[in-house]
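> predicted model follows, preceded by the sequence.
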Protein chains: 4
Amino acid sequence: MELPDRDQKSIPTLVKDEDLVRAKRRQIVDAAVELFCRKGYHQTTTREIARQAGFSIGTLYEYIASKEDVLYLVCEAIHTEMEIQLREGVREGATGRETLAHAIANYMRACDRMQDSILLIYQETSSLVPESMQYVLQNEERITGVFQDILDQGRMDGSLRIEPAATPLMAHNIVVMGHMWAFRRWFLAKHYSLDEYIAVQTALLMNELGGEV
Amino acid sequence: MELPDRDQKSIPTLVKDEDLVRAKRRQIVDAAVELFCRKGYHQTTTREIARQAGFSIGTLYEYIASKEDVLYLVCEAIHTEMEIQLREGVREGATGRETLAHAIANYMRACDRMQDSILLIYQETSSLVPESMQYVLQNEERITGVFQDILDQGRMDGSLRIEPAATPLMAHNIVVMGHMWAFRRWFLAKHYSLDEYIAVQTALLMNELGGEV
Amino acid sequence: MELPDRDQKSIPTLVKDEDLVRAKRRQIVDAAVELFCRKGYHQTTTREIARQAGFSIGTLYEYIASKEDVLYLVCEAIHTEMEIQLREGVREGATGRETLAHAIANYMRACDRMQDSILLIYQETSSLVPESMQYVLQNEERITGVFQDILDQGRMDGSLRIEPAATPLMAHNIVVMGHMWAFRRWFLAKHYSLDEYIAVQTALLMNELGGEV
Amino acid sequence: MELPDRDQKSIPTLVKDEDLVRAKRRQIVDAAVELFCRKGYHQTTTREIARQAGFSIGTLYEYIASKEDVLYLVCEAIHTEMEIQLREGVREGATGRETLAHAIANYMRACDRMQDSILLIYQETSSLVPESMQYVLQNEERITGVFQDILDQGRMDGSLRIEPAATPLMAHNIVVMGHMWAFRRWFLAKHYSLDEYIAVQTALLMNELGGEV
DNA sequence: CATGAATGAGCATTCATTCAT
DNA sequence: CATGAATGAATGCTCATTCAT
């Protein structure tokens, strides 16, 4: 499934070759994700990012204008990756209800794989300037939108019982449910395996949404 | 309702008089909460904390050993405050179900009042050394425990229908539901007032827990 | 002769003790004058200034807020020193003409002693932000004013023949004559000793101003 | 009037074709004069010079070996331009005195047009290595020489009364008088128009040189 | 010849922490 | 106990210069 087009903040670069910019920024992001997840944004120096990315500090600044740009690119990349995993794993079921159950399980597994990144988003988004934050929140909203669409579909085909006014909230509940596995893992993993977590949360949810799973 | 005793990390101080230490640390925490909420932990300098607290940088370091100590004290204070608000507002209902509904509403309002502090916990807990983080997570767990107790009570008196294995998770769901009002406010507040948010979330929950609100 | 009061830009400092600020800034200025004269403002690093002043870079920044502040303080100090030397050496003669001759000789000798500083002013004033430059140009104008007063005095007592409209220009000519000894020394010193320079320039000037020296 | 030949520092280049070198350096100098005048030598980057000159940074370094070379070329060009304007505008009068009056007026107007360049010379010459500075000072001396020649001519034909020993100094006085219009413009322009400035200064000078204008 | 990506030494500035008074 | 001046390691960022293509 293709990612739809979307707004992205354009980050200034000194380099003209667009392919090169994309390639190097990929390296920067890979390096930074690893470092930010391990040490946090503020504890990571630009020199470390450059070194980890495999080039010099001077070269780093050919492709970004400030350290904050790296954070923005990282947030972008995380959301893009999440959206890819979300859409790739979605299979249309017979009913909205089936689609939802499948999408949730798939999403939860993605959250499990990307738990460090999810924490990163929660911790460092606030270090972005307002303009960048806008874009990041838009991405967050797009992900929520995926579930909202499924909920709407289920409401239309009658397989899910939910008030229209409650669907945005329910979609957010589902999304946060995935994040929760990341940021409350210190507790949850003591009591539930990932599969159990998915099973119980899905059961509770489906209960809310009328009838059996 | 009294707060039960609990473990707290002991922070070294150069000052002997324990009452004085408590008083000054109160000042430090008040100053720091305000600053950390407004500017974040890393953006706040120790000098600013001292100034806002009303004394010199030298004095600040008589009562703490490092900036991170301030962060720990702040996290402690936030959880203490939250727990106080939680327990103060709880009134025993006729059934566990009634108690729960009341506790949730009360908790949500507390989260609304303390949204900045909640964000702070989400963003900066990771800046603590592991030992401090332990204590903070314990506090988080205590808060969750409040809801778990109510759920158990409702399960015992038959007013709530929930698997024993699901209660810890349900308790976390409730707690995170409050946090969500803080960290997703950028979206939620566009669609729901606090009262609506409480109403809809409670309805969904009660649905999960069998029958009507 | 006392220096009259005058406007000075107030430079922010982190240190409260005003006497200490004055003392340390004196050290900073002494260090910076020496370094700026030898290497220029841009070629001098803040660390060098601190080291030469005898303290650490951190301490330097307790007394100034930016490198440019040092430049401003240096310019201020140079003009203050020049004005002191100017006023100290002035002795009232019987006529304005005599006072002038004496003031010029005295001023020229001051320019000779302070040639490095004069060059510094010519080269680096443009590195000041407009606000600082204002103050520096005011100082320059005050020095010129000294000669203008003497010229006026001589015009009044009839010992100097000069149009009122020409006095400001004449005063500037005299001032620049002193500077010229600094910035054209590479040529002038090949042909004239300081005394000769003073003698010839004074002769030319007095010729302009009517009659003999 | 042709410019006489003169010594020029030879700047190394990677390019063989001498015409090409001359053409490109012309571009470099034009770009750099504009930038240095506007922002100063140190505030201008080599990339800006290349961009303004219309080619890449790599190409820039085909025609010069260091940023300082650009400064030298700029100083050279400024003095060349000044000398051209000086010699172009000079018309032989009946007497040295007339020639002088005319040359001064012409020179002053040139200084007025080139005030930014004059300031540049005053401010940045000291950033040259001694060898380059030598050449620049020689150029300065050549310009002074123009006036010295005229003074000598006037002394010979009896139209100017001046000691032979005073002529070099007088020539420098004239030259600096032009510069003064540039570097004291912040004061002078408040009191005099260019024409007034020329008139008064010429009057004072001619007074020094015996008799009326 | 022309290009422009890569380099890394260098710089101004900050800030947690100490310690003499 | 309180103060606040002193410290210097650390950091984000710049820019002259090089060199492979």
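Great, that's in hand.
> what's A:Asp112 in contact with, if anything?
Listed by CB atoms under 8 Å, 6 or more residues apart in numbering or on different chains, the contact set of A:Asp112 reads A:181-182, A:194. Any C-beta I mention is one placed from the backbone N, CA and C, and that applies to glycine too.
> what helix or strand does it sit in?
A:Asp112 is located in helix A:96-113, with elements delineated by DSSP states H and E.
> what's around A:Glu131, how many residues?
For A:Glu131, the count of nearby residues is 9 (other CB atoms under 10 Å in any protein chain shown).
> right, I mislabeled it, should have said A:Val200
19.
> pull the contacting residues for it.
By CB under 8 Å, 6+ apart, the contact set of A:Val200 is A:192, B:163, B:165-166, B:169.
> distance of the residue of chain A found nearest chain D from D:Glu62?
Using CB to the nearest CB, the closest approach of chain A to chain D is made by A:Leu14 at 8.7 Å. A:Leu14 is 20 Å from D:Glu62, where distance means CB to CB, to the nearest Å.
> quick one, which of these two is more surrounded?
Using other CB under 10 Å as the criterion, A:Leu14 and D:Glu62 rank with D:Glu62 on top: 15 against 12.
> need the mean per-residue confidence for the helix holding A:Asp112.
Mean pLDDT, computed over helix A:96-113, is 95.
> and that helix, how far out from the chain middle?
Mean-position distance between helix A:96-113 and its chain equals 14 Å (CA atoms, centre = their mean, to the nearest Å).
> now do the buried residues in it.
A:96-112 (16 or more other CB atoms under 10 Å in any protein chain shown).
> any residues of chain A in contact with DNA strand E? List them.
Proximity of chain A to DNA strand E is confined to A:14-17, A:20, A:24, A:55-59, A:61-63 under the rule CB under 7 Å from any atom of the strand.
> check which helices and strands the lengthiest helix in chain A sits against.
For chain A, the helix that runs over the most residues, judged by DSSP state H, is helix A:130-156. On a contact count with 3 or more CB pairs under 8 Å, 6 or more residues apart in numbering or on different chains; DSSP states H and E, helix A:130-156 meets helix A:67-89, helix A:96-113, helix A:167-183, helix B:185-191.
> mind listing residues that contact the last one?
This means helix B:185-191. A:137, A:140-141, A:144, A:168-169, A:172, B:115, B:180-181, B:197.
> tally up the residues packed near the residue of chain A found nearest DNA strand E, please.
Residue nearest to DNA strand E within chain A: A:Gly58 (1.7 Å; CB to the nearest atom of the strand). Neighbourhood size, A:Gly58 [other CB under 10 Å]: 8.
> how near is it to D:Glu62?
22 Å.
> now A:Tyr61
25 Å.
> try A:Cys111
56 Å.
> over to A:Ile28?
Distance from A:Ile28 to D:Glu62, by CB to CB: 32 Å.
> before we move on, what about A:Phe36?
42 Å.
> with A:Ile121 instead?
Where D:Glu62 is concerned, A:Ile121 sits at a distance of 48 Å (CB to CB).
> how about A:Tyr122?
Remark: distance between A:Tyr122 and D:Glu62 (CB to CB) = 52 Å.
> mind listing what's buried in the lowest-mean-pLDDT helix or strand in chain A?
One helix or strand of chain A scores below all others by mean pLDDT, DSSP states H and E: helix A:194-208, with a mean of 92. For helix A:194-208, the buried set under the neighbour-count rule, 16+ other CB under 10 Å, comprises A:194, A:197-198, A:200-202, A:204-208.
> ok, the closest residue to A:Glu131 other than its chain neighbours - contacts?
Nearest non-adjacent residue to A:Glu131, counting by CB to CB, 6 or more residues apart in numbering or on different chains: A:Lys9, 6.8 Å away. By CB under 8 Å, 6+ apart, the contact set of A:Lys9 is A:72, A:76, A:131-132, A:135.
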